[in-house]
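> Need a 3D model of the following:
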Amino acid sequence: MADAGHSMKRRLHLVVPCFRESARLPRFLPQLCAEMDEIAGVSVLVVDDGSGDSEAAATRKIVEDLRGRHACLLPLLELPQNLGKGGAVYAGWAAHEGAEWLGFVDADGSCGALEAARLARMAMTDCASPSALFASRVKMLGRRVERLFKRHLLGRVYATLVSELLRIPVYDSQCGLKLVPRAAYEKAAGHLHVHGFAFDVELMAALLDTGCPVVEAPIDWRETPGGKVSLLRDSWRMALDVWRIRRRRANGWK
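Next up, the predicted model:
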C-alpha cells in the first residue's frame, strides 16, 4: 500500500521533526499515518535531526516498517548534523515540492493524531483567502489541555514576552502543530534565520509582515514525558532569540 496514491497531487506536506525520538515515535506515528491516510493528498515526512547513527537506524526501522501499511508516509529524511527543530522542519519542507500547504507536528504525540487531522482538514478547506493555522493550548470550554503547571506558567511568561516585544497578540506561539500555505512561506522564507526552538516566533512574525494572516486554533493537548526542552537552558536562549527577532524586524529584517 506504500506506493498507492503517490502520483496524486499532494495538497499538504506534513513534517515530523525528530531528535532522539525513537522511544516515543512508535506510539504516535502509526496513529498519525492512519489519520492522514484518510485525507486525500497528504504526505508525512519524518526528519531525523542528526540524532546519531544508532538513533537514526532505529527511527529508519520505525518508518520503513510502517511504510508498507500507510500510503502517506515517505522515506525517512536523515540530516547529517543537528540543525535544531526549526532547521529540521525547514529541511523537510524543502525536500518536497508542489504541495499547497506545509506543516509540522511534534513527534511526542502531545498533540494527538486526531487533532492534527482536524487542523489539516480545516486548512485544506480554506481556499479563498488561506491563513496560517497555529495550534494553541487554550484552556476553554470544549477543549481539553493537560499540562504541567510549571510549563504552563513558563508558556504564559514567554507568550507575554513575545506579545510585548513583537507587538503580536499571540496566546501560544510554541505549540507543536502548525500549518502554513506554501505560497506564504515562500514569501517569508528570506526572513527566516532562527533554527532553534524559537523558530515558530520568527515564522509567525515573518508571515504577518509578508501579508499572511495567522489564526490560532485551540486544540486538545496532553503533556507527554521525555521532552527535549530544558526550562533553564532553553528558556534563556529562546528569550534571546525573540530579542534578536525584534531587532531584525525593526531593521526591515536585515
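> Helix, strand or coil: sort out the spatially closest residue to A123 that is not a sequence neighbour for me.
In this structure, A123 finds its nearest non-sequential neighbour in L179, 4.4 Å apart by CB to CB, 6 or more residues apart in numbering. For every residue, glycine as well, the C-beta is placed using N, CA and C. With DSSP: H, G, I helix; E, B strand; the rest coil as the basis, L179 sits in strand.
> so L179 sits right up against L119, yeah?
Yes: look at L179 against L119 with CB atoms under 8 Å: they come within range, at 6.0 Å.
> Of these two, which one has the most company?
Neighbour count, other CB atoms under 10 Å: between L179 and L119, L179 has more, with 26 against 21.
> Pull the contacting residues for that one.
12, 101-103, 119-120, 123, 132-133 (CB atoms under 8 Å, 6 or more residues apart in numbering).
> any idea which of those residues is the one closest to F19?
G103 (18.4 Å; CB to CB).
> Could you report the separation of the closest residue to G176 other than its chain neighbours from C18?
Spatial nearest neighbour of G176, chain neighbours left out: D106 (3.1 Å); criterion: CB to CB, 6+ apart. D106 sits 9 Å away from C18, taking CB to CB, to the nearest Å as the criterion.
> neighbour-wise, which of these two wins?
C18 (29 against 22).
> ok, M122 - how many residues close by?
Under the criterion other CB under 10 Å, the count of neighbours that M122 has is 14.
> so how far is L74 from the nearest residue to R10 once chain neighbours are set aside?
Closest residue in space to R10, ignoring its immediate chain neighbours: A99 at 4.4 Å, by CB to CB, 6+ apart. Relative to L74, A99 is positioned 12 Å away (CB to CB).
> Could you do D65 as well?
14 Å.
> more neighbours, the two?
Remark: of D65 and L74, L74 carries more neighbours, 21 against 12, as counted by other CB under 10 Å.
> Please consider this matter closed, and thank you.
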